[in-house]
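this is the structure alone, sequence omitted:
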């Protein structure tokens, strides 16, 4: 009898969890949809394009997903849709740095160092958007990432007070793993908003209207 009740309760909780996750997923996609465009020409002018971090190798080589984000962001910059590029990523240890390899790559593409801002503490999408608003004083931005990730990034940015547009990176990179990971991440996004999470690090203001070279070596 106990086992039967336990299984019934477990099944009910599982169904409830799936329903809640589905509702959150639909809500986030619906909330972000009007702010996502498919082509650079459709973008309005903004202060900055934000590159969300992804993996790099031990030698600093960008993963294909990351490189596609950077290439797309550079195209937005050279199309004069933004004046600055904000590179956000994980530099939580001396052995791992996502942002400096991007800066080095952007320099080879011809982006001036003064227009590249580095956020070493963008440990996740929420932290990146929170810090963009509070640390870098960003008012308006273009967010570049893969399409499976874009609705959550745009939703978080808008909820945290940014005027944003989303542009998909060239590689979609949707996989079963990414799909389910994103479902869980969307639930966490709502949780972060509800409890008003604060990032691991904040620090002194570094206005995006200034000189990006001030962020080197921070």
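In hand now; what should we look at? Every value quoted in this text rests on a predicted model; they were computed, and no experiment measured them.

contacts, neighbours, all on C-alpha from now
Noted.

residue 70 versus the residue lying closest to residue 213 once chain neighbours are set aside, what's the distance?
Spatial nearest neighbour of residue 213, chain neighbours left out: residue 114 (5.2 Å); criterion: Cα to Cα, 6 or more residues apart in numbering. Note on residue 114: its distance to residue 70, by Cα to Cα, to the nearest Å, is 17 Å.

more neighbours: which of those two?
residue 70 (28 against 14; other Cα atoms under 10 Å).

okay, the more buried one: pLDDT?
Per-residue confidence (pLDDT) for residue 70: 93.

that one contacts residue 51, correct?
Yes - Residue 70 lies in contact with residue 51 (Cα atoms under 8 Å); the separation is 6.5 Å.

buried stuff in the strand or helix carrying residue 108?
If you go by DSSP states H and E, residue 108 is part of helix 99-109. Going by neighbour count (16 or more other Cα atoms under 10 Å), the buried part of helix 99-109 is 99, 100, 101, 102, 103, 105, 106.

so which of those residues is the closest to residue 190?
residue 99 (26.6 Å; Cα to Cα).

what's the closest non-adjacent residue to that closest one?
The shortest distance from residue 99 to any non-neighbouring residue, by Cα to Cα, 6+ apart, is to residue 89 (5.6 Å).

what about the one you found, neighbour count?
By other Cα under 10 Å, 26 other residues sit near residue 89.

and the next helix or strand past the helix or strand of the chain at the bottom of the mean pLDDT ranking?
For the chain, counting by mean pLDDT, DSSP states H and E, helix 2-33 ranks last in confidence among helices and strands (a mean of 62). The helix or strand immediately downstream of helix 2-33 is strand 48-51, counting by DSSP H and E.

other SSEs contacting that next one?
Contacts defined by 3 or more Cα pairs under 8 Å, 6 or more residues apart in numbering; DSSP states H and E place strand 48-51 against helix 64-78, strand 84-88, strand 140-145.

try 10 Å
helix 64-78, strand 84-88, strand 116-119, helix 125-134, strand 140-145, strand 163-168 (3 or more Cα pairs under 10 Å, 6 or more residues apart in numbering; DSSP states H and E).

mind putting those in a markdown table, distance to residue 154 included?
Listed next are these as a markdown table, based on distance: least, Cα to Cα, whole Å:
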| stretch | distance to residue 154 |
| --- | --- |
| helix 64-78 | 15 |
| strand 84-88 | 15 |
| strand 116-119 | 18 |
| helix 125-134 | 9 |
| strand 140-145 | 7 |
| strand 163-168 | 6 |
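
the ones you listed: which one's closest to residue 191?
helix 125-134 (10.7 Å).

centre of the chain to the closest one, how far?
9 Å (Cα atoms, centre = their mean, to the nearest Å).

next, the buried residues of it.
For helix 125-134, the neighbour count (16+ other Cα under 10 Å) marks 125, 126, 127, 128, 129, 130, 131, 132, 133, 134 as buried.
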